[in-house]
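>>> The following comprises the amino acid sequence and a computationally predicted model.
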Amino acid sequence: MGLYLKNILGYQADTASQLLQVWKATVYLTPLIGAYLADAVMGRFWVILVFSIVYMLGMLGITLVNLIPALKPLAGITPPVGMSATRDIFWAFMYLTALGSGGIKPCVSSFGGDQFKEDSPRERKWRSRFFNFFYAVINIGSLVATTVVVGVQESKGYGIGFGIPTIFFGVAIAAFIFGYKLYVRLPVEGSPFTRIWRVCAGAVAKRKMAAPASPTDLYEPPPDAKKNVQFKMPHTHHMQCLDKAAINTGDIYQVSLTEVEETKAFLGIVPLFMCICIYQMAYDPIFTLLPYPGNVMDRRMGSTEIPASSISFANTFGVLFTVAIYDFIVVPITQKMNRPISMTLRIGLGFVIQIMALVSAALIEMARYKLVQSKGLVAKFNAGGATADAMNPAYTEPMSIWWQFIPYFLTGMSEVFTNIGTMELFYTQVSPGMRSLGTSVYLLTVAVGTYMASALNMLVTVASPNDLWVANNPLFGHYDWYFWLNAAILTAGLGAYVTIARGYKEKPVTGAEQAKQAE
């Protein structure tokens, strides 16, 4: 998409990158809306269905922008309605897809997780495997997009290229509706935000009261009583200041012990959330920046020339390879050794691998700039005058784009550890009544991280206006410095994450679950 913005819609490289980062961040911010509606109002099935239709309308609009002659943008050619109007209409539909994503992203994975029984150790293992393969299937779709669809866009035009996924998404909606009677559809539990507020307000209102001697003295409605939530959570000993909210006074601030524990579980993931945002920030440059230098590298594959963005298929290979190794080899071995990998350790391993990806990207860019200088490409380009075009084959750099396979592949590996680990942790460590919210908080890490990446991009641009790091012409600039900067920031983020993760305690299982595990 970055190359489409730059080559077809005519944006400068740094502007295209920033616009794409802001849109991507919005895609991962809107899930808060979908999560609230799913947990409190509509249920996950209906939120997925309604927002899928919204998403498809956005995809259809983007397709039509690239098919209708009056709107259709072409490289170097202004459409009849003007480039400004085409851009405005394009972004309106892009943000419609962002809104549609808000209902799909937080609910699809959590809806899948709902199909497994919480009180069954066997099904919890299946659920963990589900998250692995759910992520793998998403990346198979990405692989098709970066190989087949991008190739169609290059050869047949963006109208047809955007039309293909639009049609297949319509088929996916029909298939989803067809399975309606097969799904487990959990009842809504009311607004989780309201419950969190009531617990915090109750804890403040009762802060001067003496805490009971035993947690069993805290209020918990009997099984046959009317309750705000239908699930039950055991008492934990962290954040004990919140326990006072469950002191039985019968006033307007009265909440149950389960609601207190629900709030504790949610607040417990907040420090991890902040660290994972740093990971998402450092994850972003691999995809938003590497296509620009890739576009002027040697893109030959036999007798054909591949699009620069297609090399990102290596990311999908990294995901699929690592999912298979992790699920079929690493997990069985660690379980036999009775030392399973915790979710927090899994997330931290992804940080380490992503640092390796950024370092590899920086080293590749350093080597590319050395080749540019040794081959005299800068002087040759400057001699071409104002009409010189970096895309001209005369300025193609004698370095294969296949070197970019390494950072893309490593990034795919890191996703399996950090992204899937975070997805599972934020789903399993919150209450059953907050699972869409938990998934949306995972997605929010991507939004916040992407906004941070955009802010870093703008900050670097402002700090070096006369020597841009992310230059529009990749023969110039300092792309390598930008990757080194992100690697350094992520290393600091890893240090913070390790400190926080060492003190994190996973949510205990209930008595029913413990009994089943003992069988």
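Cool, the structure landed.
>>> Strands of this protein, residue ranges please.
297-298, 300-301, 304-305, 397-400 (DSSP state E).
>>> which residue packs closest to the residue nearest the centre of the chain, ignoring adjacent ones?
Per CA atoms, centre = their mean, the C-alpha nearest to the average position across the chain is that of Val446, at 4.5 Å. In space, and not counting its chain neighbours, Val446 is closest to Tyr28: 3.9 Å by CB to CB, 6 or more residues apart in numbering. C-beta: built from backbone N, CA, C; applies to glycine.
>>> gap between that neighbour and Ala447?
4 Å (CB to CB, to the nearest Å).
>>> Which of those two has more residues huddled nearby?
Neighbour tally, Tyr28 and Ala447, criterion other CB atoms under 10 Å: the higher count belongs to Tyr28, 25 against 21.
>>> What I need now is the strands of the chain written out in CSV, including mean pLDDT and distance to Thr461 for each item.
Putting these into CSV (pLDDT from 0 to 100; distance: least, CB to CB, whole Å) gives the following:
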stretch, mean pLDDT, distance to Thr461
strand 297-298, 82, 23
strand 300-301, 78, 32
strand 304-305, 77, 31
strand 397-400, 78, 23
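>>> Need the winner for burial among the ones you listed.
Compared across those, strand 297-298 shows the largest average neighbour count, a mean of 18 (mean count of other CB atoms under 10 Å).
>>> Run the chain-centre distance for that strand.
Per CA atoms, centre = their mean, to the nearest Å, the displacement of strand 297-298 from the mean C-alpha position of its chain is 29 Å.
>>> Wait, Val106 touches Gly34, no?
Quick fix: residue 106 is Pro, not Val. Yes - with contact defined as CB atoms under 8 Å, Pro106 counts as touching Gly34 (5.0 Å).
>>> quick revisit: I'd guessed the residue nearest to the centre of the chain sits against Tyr279; true?
No - using CB under 8 Å, Val446 is not in contact with Tyr279; the gap is 9.7 Å.
>>> Thought Ile77 was touching Ile8, still the case?
No - contact criterion CB under 8 Å: Ile8 and Ile77 do not qualify, at 9.5 Å.
>>> quick one on the thing from earlier: wait, which of the strands of the chain is closest to Cys200?
When the strands of the chain are compared by CB to CB, strand 297-298 sits nearest Cys200, at 53.8 Å.
>>> Give the other helices and strands that that closest one contacts.
In terms of contacts (3 or more CB pairs under 8 Å, 6 or more residues apart in numbering; DSSP states H and E), strand 297-298 is packed against strand 397-400.
>>> List the contacts of His235.
Residues counted as contacts of His235 (CB atoms under 8 Å, 6 or more residues apart in numbering) are 215, 218, 243, 257, 261.
>>> which one of those has the most neighbours?
Going by other CB under 10 Å, Glu261 tops the contacts of His235 with 25 neighbours.
>>> how many neighbours does the closest residue in space to that residue that isn't next to it in sequence have?
Nearest in space to Glu261, with sequence neighbours left out and distances taken as CB to CB, 6+ apart, is Met233 at 3.9 Å. Using other CB under 10 Å, Met233 has 22 other residues around it.
>>> from what I can see Met233 touches Gly433, true?
No - taking contacts as CB under 8 Å, Met233 lies outside contact range of Gly433: 10.0 Å.
>>> Residues that sit against both of the two, list them.
Common neighbours of Met233 and Gly433 (CB under 8 Å, 6+ apart) are Glu262.
>>> Turn the strands of the chain into JSON lines, columns for distance to Lys181.
Shown next, in JSON lines, are the strands of the chain (distance: least, CB to CB, whole Å):
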{"stretch": "strand 297-298", "distance to Lys181": "52"}
{"stretch": "strand 300-301", "distance to Lys181": "47"}
{"stretch": "strand 304-305", "distance to Lys181": "47"}
{"stretch": "strand 397-400", "distance to Lys181": "52"}
